[in-house]
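Student: after the sequence you'll find the predicted model.
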Amino acid sequence: MLPDIHRKVMYAKYVLEKAITMQTDSNEMSYSISLLLIHDAAELLMLTVLDHLKITPAKKRDFLDFWTEIKPPDYATPPDKIPLDKLNRLRVALKHSGAIPNSHEVKNLTPRVRGFFENVLKMYCGTEYRDISLLDLVPNAEVRSLLVSARTKFAEGDKAQAMTDLKIALHKMENPSDQYLPFIDAPAQPNVSGDFGLRRYLADLHAFLDQCASKINAMTIGIDPVKYAEFMKAGPGVLWSMTGQPFVSHWSVTYDHVTEERFSSFIDFLVDYALKASDVYIPRPLRSALSQ
């Protein structure tokens, strides 16, 4: 598979997985948007497979033309036409008639579409769906390496170090060496002596403002602030020295509450963060010029 084809397959998988995570919100709007994204993901995969097989699609094509574009004797007929036809009908009804899809129908179709991905990739690209790693979409090599390392450590049972690697990866994304994110910072906490009650109040106020700044920063680049807060609470506390060395404080030794599914959701969160952050990074020399 050529590199550009592989990248398109990654994007198709990314859109599909993104659509699936939207269903956790369990409301009509989320399922409607999920349906549209699932359809887009499937169509992107179809066009990518046609490109891989060097089949030129018609300029005006329909969603279900995939089952006539790939045909014997050159290739086996594509699978899963019935569920993809159902997907297309729901999408047309939503987009052109305003018919809100039934959430159960969308939810039941989702594994069928993922099965379509698995079958098509194996039949025509010789690739397993599970082997298409979304981590390859992460632009920063150091961050990508940390996420790969975290996944390996989690699989080996070292959940504490895996969660630590995830926290460090986020720090690296938020504090790259040669660029910066257009974030706001909470005011510095004043050093006040004397009254314990005042010092406690100021410490609590600073912590509150710091959390507010973090949530605003997340929303600035399109990250769900609830998911950001959930991620920050899930792993260890990490403080950084002036020389860039992390000091890790674990509140859990085993992290037994972090299931494989939850850990995968944290990986997906960080991949999403990396992609959105890459669109708004500002080179540091430009920052210096702007400040003059």
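Tutor: Perfect, I can see it now. All values reported here derive from a predicted model rather than from experimental measurement. Residues are numbered from 1 along each chain as shown.

Student: okay, CA-based contacts and neighbour counts for the rest of this
Tutor: Will do.

Student: and the strands in this protein?
Tutor: For the chain, the strands defined by DSSP state E occupy 179-180, 237-240, 246-249, 282-283.

Student: do you know how far the residue lying closest to residue 222 once chain neighbours are set aside is from residue 218?
Tutor: Leaving out its chain neighbours, the residue that sits closest to residue 222 by CA to CA, 6 or more residues apart in numbering is residue 276, at 7.0 Å. The gap separating residue 276 from residue 218 is 10 Å, by CA to CA, to the nearest Å.

Student: on that earlier part again, pick the most buried one from the strands of the chain.
Tutor: A comparison of the strands of the chain by mean neighbour count, using mean count of other CA atoms under 10 Å, puts strand 179-180 on top with a mean of 17.

Student: report all helices and strands that that one contacts.
Tutor: Applying 3 or more CA pairs under 8 Å, 6 or more residues apart in numbering; DSSP states H and E, one finds that strand 179-180 contacts strand 282-283.

Student: quick check: mean pLDDT across the strand it packs on?
Tutor: In this model, strand 282-283 carries a mean pLDDT of 90.

Student: which residues does that strand contact?
Tutor: Contact with strand 282-283 is made by 178, 179, 180, 181, 182, as judged by CA atoms under 8 Å, 6 or more residues apart in numbering.

Student: next one: stretch 240-249
Tutor: Contacts for stretch 240-249 (CA under 8 Å, 6+ apart): 164, 236, 237, 238, 239.

Student: how about stretch 203-211?
Tutor: 185, 186, 187, 188, 189.

Student: would you list those in CSV and tack on neighbour count and pLDDT?
Tutor: CSV is the format used below for the contacts of stretch 203-211 (neighbours: other CA atoms under 10 Å; pLDDT from 0 to 100):
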residue, neighbour count, pLDDT
185, 14, 90
186, 14, 89
187, 10, 89
188, 9, 85
189, 14, 83
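
Student: tell me which of those is nearest to residue 212?
Tutor: Of all the contacts of stretch 203-211, residue 212 sits closest to residue 186, with 8.1 Å by CA to CA.

Student: now do the contacts for that closest one.
Tutor: For residue 186, counting by CA under 8 Å, 6+ apart, the contacting residues are 206, 209, 210, 213.

Student: show me these that map onto helices.
Tutor: 206, 209, 210, 213 (DSSP state H).

Student: these two touch, right, the residue nearest to residue 222 and residue 220?
Tutor: No. Using CA atoms under 8 Å as the test, residue 276 is too far from residue 220 to be in contact (9.9 Å).

Student: these two: which has the busier surroundings?
Tutor: The neighbour count for residue 276 versus residue 220, taken as other CA atoms under 10 Å, is higher for residue 220 (18 against 15).

Student: re the thing from before, between the contacts of residue 186, which is nearest residue 144?
Tutor: residue 213 (25.9 Å).
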